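# Curious how this folds, go ahead:
(one chain, ligands or ions: 2)
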Amino acid sequence: MNILGIESSCDDTAASILNETGVLSNVIASQSIHVQFGGVVPELASRAHHRTISQTVKQALTEAKLSIQDIDLIAATQGPGLMGSLLVGLSFAKGLSLAHQIPLMGINHMDAHIFANTIEHNLEFPLIALTVSGGHTQLSKLSGPYIPEIISQTRDDAAGEAFDKIGKLLGLNYPAGPKIDVLSREGNPYFHEFPKGLMREGLEFSFSGLKTSVLYYLQSKNDAFITQNLNNICASVSHAITEVLVTKLERAMQAHSIPRAVMAGGVSANSMLREKVAAMAGKNNFTIYKPSLSYCTDNAAMIAATARVMLQKEPSISSQQRLEEGFGIHPYSVQPI
Ligand code: KG4
Ligand code: ZN
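Numbers count the residues shown, from 1 in each chain. Ligands and ions are numbered 1, 2, ... in the order given. Next up, the predicted model:
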């Protein structure tokens, strides 16, 4: 079965084709227009999706050496995300579905980050998921391979948002997360102790205090000091964020007596986080699944992979039942978003 995945929830237009043999193509058109504004401008994002979506899907088909007639299922991100951006991908998917009579399935973007792990791993359940992206920071429990049950989330900023906003304070271009990651590798994580929100207890997260603390810290220093110590400041910020993430993940796994976890979302590409989680897993004898870097950040292979998981849930389910369950969509009846 050839599944065409389409993702357009934020500022990446992506299309991918997946079948039993693996990922046949994984095309991502990232929008550079937002850099000058220091963050994603929703209106510009929708327009850029609109400009690139046909070409992106076409390229995914070409790279997979398939035509649209070979596609058995279209899977498109239904939410959460920027409404204008989502509508471009979903409407395009609906058009393809109607024109070519191909069933269409709506996919939850956060579930997809988790099920990105099914592309490269045979997951064992139950497991805990740490989903850390630009808009979300969540811990979920998966008793089986289907809908994750959220057990905690951030009270304010997401971890990726904290990286990006702190990066902006440091004069780094959007998205700053990957840049802070690289700069941190040459810095001292103990150079300055930034606050680690809600560290002592519980499973919830909070990163807004860290952002304010970095702002005040930078205001108290001159430009030369900041430039000279950029690596150390980045490493100290990364340390504060990743310590919280790994501590909460360990706490959730212990509290739920679940020795397996997946990492998911853009921030799961962070090298300091990956190292800390690996060390924590080694200490506790836990198993951690993590996606390759290209499946951490937004991509459409994870959308197609999630459709495959949902199909396995109930292979005999009718299209109408799928619609009623809330995750499935048939050509003529796209679920309202
Ligand atoms: O999952 P994603 O691509 O999009 C959302 O669903 O939000 O995540 C994007 C976020 C951005 O905040 C970006 O700065 C962050 O992931 N990110 C990183 C790294 N790579 C991406 N943050 C820290 N270290 C990285 N290596
Ligand atoms: Zn995402």
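# ok, which residues in the protein are in contact with ligand 1?
10, 133-135, 160, 163-164, 175-178, 181, 265-267, 269-270, 297-298 (CB under 6 Å from any ligand atom). Backbone N, C-alpha and C define where each C-beta goes, glycine included.
# which of those residues are buried?
The neighbour-count test (16 or more other CB atoms under 10 Å) marks 10, 133-135, 160, 163-164, 175-178, 181, 265-267, 269-270, 297-298 as buried among these.
# near ligand 2 too, which of those?
Intersecting these with the contacts of ligand 2 gives 133, 298 (criterion: CB under 5 Å from the ion).
# Mind checking which of the residues of the chain next to ligand 1 land in helices?
For the residues of the chain next to ligand 1, the ones inside helices are 160, 163-164, 177-178, 181, with DSSP state H as the criterion.
# ok, and the helix or strand in this protein with the lowest average confidence?
Least confident helix or strand, the chain: helix 319-325 with a mean of 45, by mean pLDDT, DSSP states H and E.
# Please name the residues that touch the residue in the stretch 151-300 of the chain that ligand 2 sits nearest to.
Residue nearest to ligand 2 within the stretch 151-300 of the chain (CB to the ion): residue 298, separated by 4.4 Å. By CB atoms under 8 Å, 6 or more residues apart in numbering, the contact set of residue 298 is 7, 9-10, 12, 14, 28, 109, 266.
# Take the residues you listed and lay them out in a markdown table including pLDDT.
Formatted as a markdown table, the contacts of residue 298 follow (pLDDT from 0 to 100):
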| residue | pLDDT |
| --- | --- |
| 7 | 98 |
| 9 | 96 |
| 10 | 93 |
| 12 | 94 |
| 14 | 98 |
| 28 | 97 |
| 109 | 94 |
| 266 | 98 |
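# All the strands of this structure, in order from the start?
Remark: strands assigned in the chain by DSSP state E are 3-7, 12-19, 22-30, 73-79, 104-108, 127-132, 137-142, 149-153, 260-264, 287-289, 328-329.
# ranking those by mean pLDDT, which is last?
Mean pLDDT values for the strands of the chain show the minimum at strand 328-329, a mean of 48.
# So residue 239 sits against residue 190, correct?
Yes - applying CB atoms under 8 Å, one finds residue 239 in contact with residue 190, separated by 7.2 Å.
# Can you report how many residues neighbour residue 203?
When neighbours are counted by other CB atoms under 10 Å, residue 203 registers 18.
# And it, how close does it get to residue 248?
Using CB to CB, to the nearest Å, residue 203 is found at 6 Å from residue 248.
# same question, residue 11
On the measure of CB to CB, residue 11 and residue 248 end up 27 Å apart.
# and what of residue 276?
Counting by CB to CB, the gap from residue 276 to residue 248 is 12 Å.
# Repeat that for residue 75.
Using CB to CB, residue 75 is found at 31 Å from residue 248.
# show me what contacts the residue of the stretch 1-150 of the chain found nearest ligand 1?
Nearest residue of the stretch 1-150 of the chain to ligand 1: residue 134, at 2.9 Å (CB to the nearest ligand atom). By CB under 8 Å, 6+ apart, the residues touching residue 134 are 10, 158, 160-161, 164, 175, 177, 266.
# Find the nearest non-adjacent residue to it, please.
Among residues not flanking residue 134 along the chain, residue 160 sits closest, at 3.7 Å (CB to CB, 6 or more residues apart in numbering).
# What's the per-residue pLDDT of the closest residue in space to residue 292 that isn't next to it in sequence here?
Counting by CB to CB, 6+ apart, residue 120 is the residue found nearest to residue 292 once chain neighbours are left out, at 6.3 Å. For residue 120, the model assigns a pLDDT of 98.
# Surely residue 120 is in contact with residue 290?
No - between residue 120 and residue 290 there is no contact under CB under 8 Å: 9.1 Å.
# Between the two, tell me which one has more neighbours.
residue 290 (22 against 14).
# Got the phi and psi for the residue nearest the centre of the chain?
Geometric centre of the chain, nearest residue: residue 265, 2.8 Å, by CA atoms, centre = their mean. Phi and psi for residue 265, reported as degrees, to the nearest 10, are phi 90, psi 160.
# Check the one 5 residues further on too.
Geometry field for residue 270 lists phi and psi as phi -60, psi 130, criterion degrees, to the nearest 10.
# count of residues packed around residue 279?
Other residues near residue 279 come to 11 when the count uses other CB under 10 Å.
# More neighbours: which of residue 239 and residue 190?
More crowded of residue 239 and residue 190, by other CB under 10 Å: residue 239, with 22 against 10.
# Contact partners for that one?
184, 189-190, 194, 272.
# related to what we said a few turns ago, and the residue nearest to residue 292, its phi and psi?
The phi/psi pair for residue 120 (degrees, to the nearest 10) reads phi -120, psi -10.
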